[in-house]
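[1] Fold the following.
(one chain, ligands or ions: 1)
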Amino acid sequence: MRKQIVAGNWKMNKNVQESVQLADEIVSNVKDLALDNTRVIVTPTFVNISEVVKVAEGSNVEVAAQNMHQAKSGAYTGEISAEMLTSLGLKTVILGHSERREYFGETDAILAEKVDAALANELEIIFCFGEVLEDRKSDNHFNVVESQIKNALFHLPVDAWKNIVLAYEPVWAIGTGETASPEQAQEMHAFIRKIVAAQYNAEVAENVSVLYGGSVNPGNAKEIFSKEDVDGGLIGGAALNADNFIALIKSF
Ligand SMILES: O=C[C@H](O)COP(=O)(O)O
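    Below is the predicted model of the structure:
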């Protein structure tokens, strides 16, 4: 049975004290929840990961990274390798976020390399993709999503998929307050499962968790998460406040 996941992407927010405080509030609130089939993940910015790892140690809150470089090591000023993440005890990295694609020029080809580097280091990947508004308006959203997934992930062997989580994030819904309707999310998630099944098999498609991201908040999460093919969310703004984040975890 695939896992439900609530992952908070803190993006470039919170200094070290604020990160520790937020992590602390989340850890102490999540501690008493029965999370049989739900994973809770927080992703602080790189410089705050170590401190947040200390707070989350021994708890049911996982810490992940927002990005990594594809090279093993070397002259890549300002970058972080997969091995650096695993050396902190991390097990998961987000790749392909639309902000990385838009502001840092991450192409499908670069993302395929990052995917390979992460998996070579036994990191699980939360792989993000999603269409921009023009694609949605011109009814091109399924093609865009299919090509993003295909170009970065379909070269992988079947067994690599146990380390893949998919996150559909329509760009027009990120940080805008405008969410995809639960029906739009369900429609896309079902499509994603269909193309994964066609490329691999029904079991891979059934087992992969597919998260929705884009203006999820405590007011709309329940309805979105209740959809058959929606296995949770990748949360931005609402993950920066412990009460909101906890409410989302309780929304299944
Ligand atoms: O990674 C998270 C997404 O970009 C969603 O961000 P948001 O919840 O602020 O719209």
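
[2] List the buried residues for stretch 170-186?
    170-174, 179-180, 182, 184-186 (16 or more other Cβ atoms under 10 Å). C-beta: built from backbone N, CA, C; applies to glycine.

[3] Filter these down to the ones in helices?
    182, 184-186 (DSSP state H).

[4] Same list, those, but as a markdown table with distance to E206 please.
    Output for these, formatted as a markdown table (distance: Cβ to Cβ, whole Å):
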| residue | distance to E206 |
| --- | --- |
| P182 | 21 |
| Q184 | 22 |
| A185 | 18 |
| Q186 | 16 |
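
[5] now, among those residues, which is nearest to the ligand?
    Distances from the ligand to these, taken as Cβ to the nearest ligand atom, are shortest for A185 (12.8 Å).

[6] List the buried residues of stretch 33-48.
    Quick answer for stretch 33-48 (16+ other Cβ under 10 Å): 35, 38-46, 48.

[7] likewise stretch 76-84?
    80-82, 84.

[8] and the residue of the stretch 1-150 of the chain found nearest the ligand, what is it in contact with?
    Residue of the stretch 1-150 of the chain nearest the ligand, by Cβ to the nearest ligand atom: N9 (3.5 Å). Applying Cβ atoms under 8 Å, 6 or more residues apart in numbering, we find N9 in contact with 43, 66, 94, 97, 213, 234-236, 239.

[9] Including pLDDT, could the residues you listed go into JSON lines?
    Below are these laid out as JSON lines (pLDDT from 0 to 100):
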{"residue": "T43", "pLDDT": "98"}
{"residue": "Q66", "pLDDT": "98"}
{"residue": "I94", "pLDDT": "98"}
{"residue": "H97", "pLDDT": "98"}
{"residue": "G213", "pLDDT": "97"}
{"residue": "L234", "pLDDT": "98"}
{"residue": "I235", "pLDDT": "98"}
{"residue": "G236", "pLDDT": "98"}
{"residue": "A239", "pLDDT": "98"}
